[in-house]
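Novice: okay, predicted coordinates and the sequence, questions at the end:
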Amino acid sequence: MSARLQESAWSEYESPRYVPYTLFNFREIPQIHNLPEEKQFEIEVVGNVLPFKTNNYVVDNLIDWNEPLVDPMFILTFPQKGMLKKSHYDEVAAAIKNGSDKKTIQSIANKIRYQLNPHPAGQMEHNIPQLKDGTKLYGTQHKYKETILFFPSQGQTCHAYCTFCFRWPQFVGIEELKFASKEIDLLVSYLREHQEVSDVLFTGGDPLIMKSQILSKYIDSLLEADLPNLKTIRIGTKSLSYWPYRFLTDDDAGQVLALFERVVKKGIHLAFMAHFNHPVELSTKAAKNAIYRVRKTGAQIRTQSPVLAHINDDPQVWADMWQRQVNLGCVPYYMFVPRDTGAQEYFGVPLVRAQEIFRDAYQNVSGLARTVRGPSMSANPGKIQVLGTVEIGKKKAMVMRFLQGRNPKWVQSPFLAKYDESAIWIDELEPFSGKKFFFEDELHQTLGINGKSSKKRRKSHIITSINNVKSSFEDRIGPRHWNFKGKFP
């Protein structure tokens, strides 16, 4: 039997107690002794900068400990040396080896974190909505007309962390980087004022880390408000993959399923936005039964994932994953591109290659799996899909279009970029003709930003991100002394 899927101790009817593993106790994982000490030290170094958390279900059921260093689920949940620049890694490693105290190591880590574009796509400075009386709704984001994101404060952690996660700033202990709110009444007021909003997305972190009693307070407030414009409640979650017992044997599993049923009976569509990054996450009996139970409530499970180097950058992996999802009654929804934050350089796949992976996988699944869209970048202007490449005269061009846009009129509008086989993000691309993409002037005018070229914007995003975080945080709690030591490249 493989070292993965040790289901003798795990079933869909009874589970061992949930045991989280973090930077402070990961060396207690029995299987970790299969790793050389050098690898364990690398986990410690990177885990001091990027968030690290896993649990006993992931460790026992999803990772192949016969070959952990190349196992996709190990790389997905355990920090890897290549996730940091060499200079950053060396600085943290030296501090640990020299016996520096926690405060010193944290200071070094924070300096590095602010260089990793902690809040991409303008989410800190451009997406925070406000009521007509000027009250800002911190802990919410409203970028696209129909959908508002809500970050319940008790849901800003996860059963385990994905190493690629673009929400990593939620988990590193820096308050000014967090999105979180308990103000569900303000959200209700905002929905009353904005009849164009039809969808509320509960996100995090993972909202399903919360006990059902707490989650119910948030969702029942929306149901009791009888908002005529509220058509869909979405819940973004990794729980089906990292802790399916949330719906099987947890003390309040029945209550959370009953909450889902309440939403559906109210006539509101419940979209369960499930994150699956590899087919093995769908392979356990617990995961399959959890999917069955969630679907039985009337909720619809839609699945999404970024395309990730070292994890799933293979069309056969995607075709297998999509087909398994359809077989289990789920709806493939999105293939994303890793956002320009955190460990993007480690996980990023060139856009040209990402589109080829999507195309080849799409060609090898049935029509029921072809509900999926991608590869898509959730960038500042909107969700941009890479459609493929074409030859125009003697030149190659990349064809893209908006699936969502800050201006809804951009949606479904195709545009061309110069062919670049190494680019992994929109800011690295140049227009095929002219100096700007068609949306840039309007974007700059709408957001009140300077009309720099995309490449110049990319070079300057570090300092811009710091300044925006500083401004937003001081707006919330008043002026604060900020002191960043060291130089930013």
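Specialist: Okay, I see it.
Novice: near Leu69, how many other residues are there?
Specialist: If you count neighbours by other Cβ atoms under 10 Å, Leu69 ends up with 12. All C-beta atoms are positioned from the backbone trio N, CA, C, and that covers glycine.
Novice: and it, that's in a helix?
Specialist: Yes - according to DSSP: H, G, I helix; E, B strand; the rest coil, Leu69 belongs to a helix.
Novice: excluding chain neighbours, what is closest to it?
Specialist: The spatially closest residue to Leu69, leaving aside those adjacent along the chain, is Lys39, at 7.1 Å (Cβ to Cβ, 6 or more residues apart in numbering).
Novice: list the buried residues of whatever helix or strand that neighbour lives in.
Specialist: Using DSSP states H and E, Lys39 maps to helix 37-47. Residues of helix 37-47 classed as buried by neighbour count (16 or more other Cβ atoms under 10 Å): 39, 42-47.
Novice: out of these, which is nearest to Leu222?
Specialist: Among these, Gly47 lies closest to Leu222 (Cβ to Cβ), at 36.8 Å.
Novice: what about the helices in the stretch 101-250 of the chain?
Specialist: 102-113, 184-193, 212-224, 239-242 (DSSP state H, counting those that start in this stretch).
Novice: and what of the stretch 351-489 of the chain?
Specialist: For the stretch 351-489 of the chain, the helices defined by DSSP H, counting those that start in this stretch occupy 351-362, 440-447, 454-477.
Novice: picking that back up, which neighbours does whatever helix or strand comes next after the helix holding Lys39 have in its sheet, and in what orientation?
Specialist: Tracing the chain C-terminally past helix 37-47 and defining elements by DSSP H and E, one meets strand 53-55 next. Sheet pairing for strand 53-55, assigned by DSSP bridges, gives strand 20-22 (antiparallel).
Novice: pLDDT of the partner strand, averaged?
Specialist: Mean pLDDT, strand 20-22: 97.
Novice: next one: stretch 442-454
Specialist: Averaging pLDDT along stretch 442-454 gives 74.
Novice: now swap in stretch 127-145 and tell me
Specialist: Averaged across stretch 127-145, pLDDT comes to 92.
Novice: and that stretch, which residues are buried?
Specialist: Buried-residue list, stretch 127-145, by 16+ other Cβ under 10 Å: 127-129, 137-144.
Novice: biggest separation within those residues, which pair?
Specialist: Tyr138 and Tyr144 (18.9 Å).
Novice: what bridges to the spatially closest residue to Leu403 that is not a sequence neighbour?
Specialist: The shortest distance from Leu403 to any residue other than its chain neighbours is 4.2 Å, reached at Lys383 (Cβ to Cβ, 6+ apart). Taking DSSP bridges as the rule, Lys383 bridges to Ser378, Gln404.
Novice: isn't Lys383 up against Met377?
Specialist: Yes - contact criterion Cβ atoms under 8 Å: Lys383 and Met377 qualify, at 7.0 Å.
Novice: show me which of these two is the more surrounded one.
Specialist: Each of Lys383 and Met377 has its neighbours counted (other Cβ under 10 Å); Met377 has more, 27 against 22.
Novice: wait, isn't the more buried one in contact with Ile424?
Specialist: No - using Cβ under 8 Å, Met377 is not in contact with Ile424; the gap is 9.3 Å.
Novice: touching both of the two, which residues are there?
Specialist: 337, 351 (Cβ atoms under 8 Å, 6 or more residues apart in numbering).
Novice: tell me where the model's unsure across the protein.
Specialist: 1-8, 121-125, 175-180, 450-489 (pLDDT under 70).
Novice: where do the strands sit along it?
Specialist: Under the criterion DSSP state E, the chain contains strands at 20-22, 53-55, 140-144, 147-150, 199-202, 232-237, 269-275, 300-306, 331-336, 373-378, 382-392, 395-405, 414-418.
Novice: Leu223: which of those strands is closest?
Specialist: strand 232-237 (8.7 Å).
Novice: send me that closest one as PDB with only the CA atoms.
Specialist: Taking C-alpha atoms only, strand 232-237 is exported to PDB below (Å, rounded to 0.1, in the frame of the first residue of the first chain):
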ATOM      1  CA  THR A 232     -26.900  33.900  -4.400                       C
ATOM      2  CA  ILE A 233     -24.700  33.200  -1.300                       C
ATOM      3  CA  ARG A 234     -21.300  31.800  -2.100                       C
ATOM      4  CA  ILE A 235     -18.900  30.200   0.300                       C
ATOM      5  CA  GLY A 236     -15.300  29.900  -0.700                       C
ATOM      6  CA  THR A 237     -13.700  26.900   1.100                       C
END
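Novice: could you find the closest non-adjacent residue to Thr77?
Specialist: Thr54 (4.5 Å).
Novice: isn't that neighbour right up against Ile75?
Specialist: No - the pair Thr54 / Ile75 is not scored as a contact, 11.8 Å apart, by Cβ under 8 Å.
Novice: so what's Asp199 up against?
Specialist: Per Cβ under 8 Å, 6+ apart, neighbours of Asp199: 146-148, 231-234, 271.
Novice: only whichever of those residues are buried, select them in ChimeraX.
Specialist: A single ChimeraX command selects the buried members of those (16+ other Cβ under 10 Å):
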select :147,148,232,233,234,271
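Novice: could I get the contacts of Asp199 as CSV with distance to Tyr190?
Specialist: CSV is the format used below for those (distance: Cβ to Cβ, whole Å):
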residue, distance to Tyr190
Glu146, 14
Thr147, 13
Ile148, 7
Lys231, 16
Thr232, 16
Ile233, 15
Arg234, 16
Ala271, 20
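Novice: that older thread, what sits in contact with each of Lys383 and Met377?
Specialist: In contact with both Lys383 and Met377: no residue, using Cβ under 8 Å, 6+ apart.
Novice: I'd like the strands of the chain written out as TSV, with distance to Tyr114 added.
Specialist: Below are these laid out as TSV (distance: least, Cβ to Cβ, whole Å):
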stretch	distance to Tyr114
strand 20-22	22
strand 53-55	22
strand 140-144	20
strand 147-150	23
strand 199-202	27
strand 232-237	25
strand 269-275	26
strand 300-306	23
strand 331-336	24
strand 373-378	21
strand 382-392	26
strand 395-405	28
strand 414-418	29
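Novice: out of those strands, the one nearest Glu14 is which?
Specialist: strand 53-55 (16.6 Å).
Novice: and the contacts of the closest one?
Specialist: By Cβ under 8 Å, 6+ apart, strand 53-55 touches 18-22, 26, 77-78, 157-161, 171, 242-243.
Novice: give the buried residues for that strand.
Specialist: So strand 53-55, judged by 16+ other Cβ under 10 Å, has buried residues 53-55.
Novice: and which of these is nearest Ala361?
Specialist: For those, the residue nearest Ala361 by Cβ to Cβ is Thr54; the value is 27.5 Å.
Novice: no more questions from me, cheers.
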